[in-house]
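Colleague: Just the structure for this:
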Amino acid sequence: MKKIFFLFLLIASSAVYAVELSGNASVVRGGSRVMAPQETLMAATAWGGVAKVTLVEASSMPQFVAFLVDTGMGTSCPAGTWLTWTGKGALPIDNAKTMLGVLLTALTSGKQVTLFGQNTCEVDFVHLHSQ
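Modeller: This is a model prediction of the structure:
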């Protein structure tokens, strides 16, 4: 099977980060920040899981992006519950636009995402899988 390599830019906290997605892991590099491993993210959030994006609802842009996935996330976000990404960092509108692009990529390509979030169904971290 052919491996696919993605490279795109995230704008967060006034710094540009290159996100390398290879295999089933992602690494964020840039400035002084390196993304924590999944075990650390899981400990810092209420839930985490792997899913496929099934619908992206962008009418609330640029404040936030709402979306659905094919499985429940944690006990308070069962399947069919809207998950949200609110713009973060010093440039929240640009951050929300970037996440809209990531979610649309996941939706149109059928690739899985790993999501980490809070009991409010607010998503804190998204990892886009290459396979």
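
Colleague: counting contacts, what elements does the longest strand anywhere in the chain pack onto?
Modeller: Longest strand of the chain, by residue count under DSSP state E: strand 47-57. On a contact count with 3 or more CB pairs under 8 Å, 6 or more residues apart in numbering; DSSP states H and E, strand 47-57 meets helix 38-44, strand 64-69, helix 92-109, strand 112-117. Just so you know, the C-beta spots here come from the backbone N, C-alpha and C atoms, and that holds for glycine as well.

Colleague: Let's see that with 7 Å instead.
Modeller: strand 64-69, helix 92-109, strand 112-117 (3 or more CB pairs under 7 Å, 6 or more residues apart in numbering; DSSP states H and E).

Colleague: how far off strand 64-69 does the longest one point, in degrees?
Modeller: The one in question is helix 92-109. 20 degrees (axes from the mean of the first three to the mean of the last three CA atoms, to 10 degrees).

Colleague: Who are the packing partners of helix 92-109?
Modeller: Using 3+ CB pairs under 7 Å, 6+ apart: helix 92-109 touches strand 6-12, strand 47-57, strand 64-69, strand 123-128.

Colleague: Which among the ones you listed is found nearest to G117?
Modeller: strand 123-128 (4.3 Å; CB to CB).

Colleague: I'd like the mean pLDDT over the closest one, please.
Modeller: For strand 123-128, mean pLDDT rounds to 91.

Colleague: Flag the shaky bits of this structure, pLDDT-wise.
Modeller: 1-39, 41-43 (pLDDT under 70).

Colleague: what's the distance between G72 and Q131?
Modeller: As judged by CB to CB, to the nearest Å, G72 and Q131 stand 23 Å apart.

Colleague: Name the residue in the two with the higher neighbour count.
Modeller: G72 (15 against 12; other CB atoms under 10 Å).

Colleague: What is the burial count for N95?
Modeller: Neighbour tally, N95, other CB under 10 Å: 20.

Colleague: So it sits against G101, correct?
Modeller: No - between N95 and G101 there is no contact under CB atoms under 7 Å: 10.9 Å.
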